[in-house]
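A.B. asks: Turn this into a model:
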Amino acid sequence: MIKKKKIAEAAIPTSSMADIAFLLLLFFLVATVIDVDTGIGLTLPEFVEDVKNVEVPKSRMAAILINENGDVLLDGKVISVFQIKDNLKARIISKIELPSNKKLIVSVKTDRKTKYDIYIQSLDQIKQAYFEVRDDYSNSNFGKKYNDLVETQQKDVQEKIPIIISLAEPEAVKK
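C.D. replies: Numbering: from 1, shown residues only. Next up, the predicted model:
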């Protein structure tokens, strides 16, 4: 009698599968970039021990109040967040020729329950107003946008149009 040869079944060696899975896991852990929110980049003033309270005329102030519902008040008038820039630009331009200690101060005050998103959008609108006024001033006086100016010219524009934003302490919500 003739014996039939046994045909070996095809098999995938799994002895090194754990090693491969571990190496893939390690690779993705090392290669993945984790996005970390760094917060808002604000330059805070230096600490001063002897603080004098100075009365600021209302003509120099732009008071922005944001409540917990996202309603924005600019000097007591209800506006949307996206109208802040247009309303502030005219007031910033009107203060350009005044001495630097008479420039517009934008005061932002919120409730403790104000949504962070609305707060950031408001700050962005305020800064955008200042940046657009700086660009317009740079174009009219130097023929270039603010970012294209040399450092000395940029400092001149910064002296003429300083960004002065006062972030007031949020108030507790009263029930």
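
A.B. asks: Which stretches in the chain count as helices?
C.D. replies: 17-31, 84-94, 116-142, 151-160 (DSSP state H).

A.B. asks: which of the residues in the last one are buried?
C.D. replies: The reference is to helix 151-160. By neighbour count on 16 or more other C-beta atoms under 10 Å, the buried set for helix 151-160 is 154, 156, 157, 160. (Glycine included, C-beta is placed from N, CA and C.)

A.B. asks: And it, what does it pack against?
C.D. replies: helix 116-142 (3 or more C-beta pairs under 8 Å, 6 or more residues apart in numbering; DSSP states H and E).

A.B. asks: how about low-confidence regions in this protein?
C.D. replies: Along the chain, the parts satisfying pLDDT under 70 run over 1, 170-175.

A.B. asks: Leaving out sequence neighbours, find the closest residue to residue 127.
C.D. replies: Nearest residue to residue 127 in three dimensions, chain neighbours excluded: residue 163, at 6.9 Å (C-beta to C-beta, 6 or more residues apart in numbering).

A.B. asks: can you give me phi and psi for residue 95?
C.D. replies: phi -100, psi 0 (degrees, to the nearest 10).

A.B. asks: how many other residues sit next to the residue lying closest to it once chain neighbours are set aside?
C.D. replies: Counting by C-beta to C-beta, 6+ apart, residue 104 is the residue found nearest to residue 95 once chain neighbours are left out, at 4.7 Å. By other C-beta atoms under 10 Å, 23 other residues sit near residue 104.

A.B. asks: For residue 104, list the residues it contacts.
C.D. replies: Contacts of residue 104 were listed using C-beta atoms under 8 Å, 6 or more residues apart in numbering, and they are 60, 61, 62, 88, 91, 92, 95, 164.
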